[in-house]
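> Can you look at this prediction? I've put the sequence above it.
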Amino acid sequence: MFLELIAVIFAGIAVAGVVMLINSVTGTRLPRWLAPVAAGLAMIAVTVTSEYSWYSRTLTSLPAGLVVADTVESRSFYRPWTYIVPLNERFVAVDLATMRSHPKQPDQHLAEVFFFGRWAPISQLSIAADCTSWRRAAVEAETNLAQDGGIHGVNWVSPPAEDHLLLSICGS
């Protein structure tokens, strides 16, 4: 966040300097207000570019096996450009590389789910998924894994058929 602030400030200073240089080369024919306006527009452009490139930069840094299950787009009045192109501020990723299942229960899986946010630390949650019954649950301290591969002691949730998390885990 701090480095992005520094980049925004330097972009404003650089563009103002270029406008002032052009003004001096042209014999001060440009209006005086052009340098601060150009600096402000450059700062807004760098901020918007940084906001929109966060998602793609984060995706390229994900390790192999981590698959995006869902994204959360946002629109806000103080960022009017988000009404034209929504901004991805958060997303959920499932680690398919470390997903586990028991041989006797091949349709029940344990997977690690990661929650990414623009200005938030990464959160992690272990999820139990039952693909046959189309339900999922958060794995907690009270969760018991039976010898036959059954998962007990969880609060199962039956999400709608288009649940992105279960679609990613179950592969449908």
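Here it is on my side, so go on. Numbering: from 1, shown residues only.

> Would you mark the buried spots in whichever helix or strand residue 43 is part of?
Element membership of residue 43, judged by DSSP states H and E, is helix 34-60. Of all the residues in helix 34-60, those buried under the rule 16 or more other Cβ atoms under 10 Å are 35, 38, 39, 42, 43, 46, 47, 50, 51, 54, 55, 58. For every residue, glycine as well, the C-beta is placed using N, CA and C.

> Now do the helix or strand following that helix against helix 34-60, angle only.
Downstream of helix 34-60, the next assigned helix or strand under DSSP H and E is strand 66-74. Our comparison of strand 66-74 with helix 34-60, counting by axes from the mean of the first three to the mean of the last three Cα atoms, to 10 degrees, yields an angle of 140 degrees.

> And the lowest mean pLDDT element among the helices and strands of this structure?
strand 144-145 (a mean of 77; mean pLDDT, DSSP states H and E).

> Following element in sequence after that one, please.
Downstream of strand 144-145, the first helix or strand assigned by DSSP H and E is strand 151-152.

> which stretches of the chain have low pLDDT?
172 (pLDDT under 70).

> quick check: domain ranges of it?
As given by automatic domain parsing, the domain ranges for the chain are 2-60, 66-170.

> re the thing from before, out of the buried residues of helix 34-60, flag the one nearest to residue 18.
Sorting these by distance to residue 18 puts residue 38 at the head of the list, at 7.9 Å, by Cβ to Cβ.

> what residues are up against that closest one?
15, 16, 18, 19 (Cβ atoms under 8 Å, 6 or more residues apart in numbering).

> If any of these are buried, put those into a PyMOL selection.
Of those, the buried ones can be selected in PyMOL as follows, counting by 16+ other Cβ under 10 Å:
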select buried, resi 15+16+19
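
> And the furthest pair within the contacts of residue 38?
Maximum pairwise distance among those (Cβ to Cβ): 7.4 Å, between 16 and 18.

> now for the helix or strand harbouring residue 113, which elements pack on it?
Using DSSP H and E, residue 113 maps to strand 105-117. Counting contacts by 3 or more Cβ pairs under 8 Å, 6 or more residues apart in numbering; DSSP states H and E, strand 105-117 is packed against strand 87-102, strand 120-130, strand 151-152, helix 164-170.
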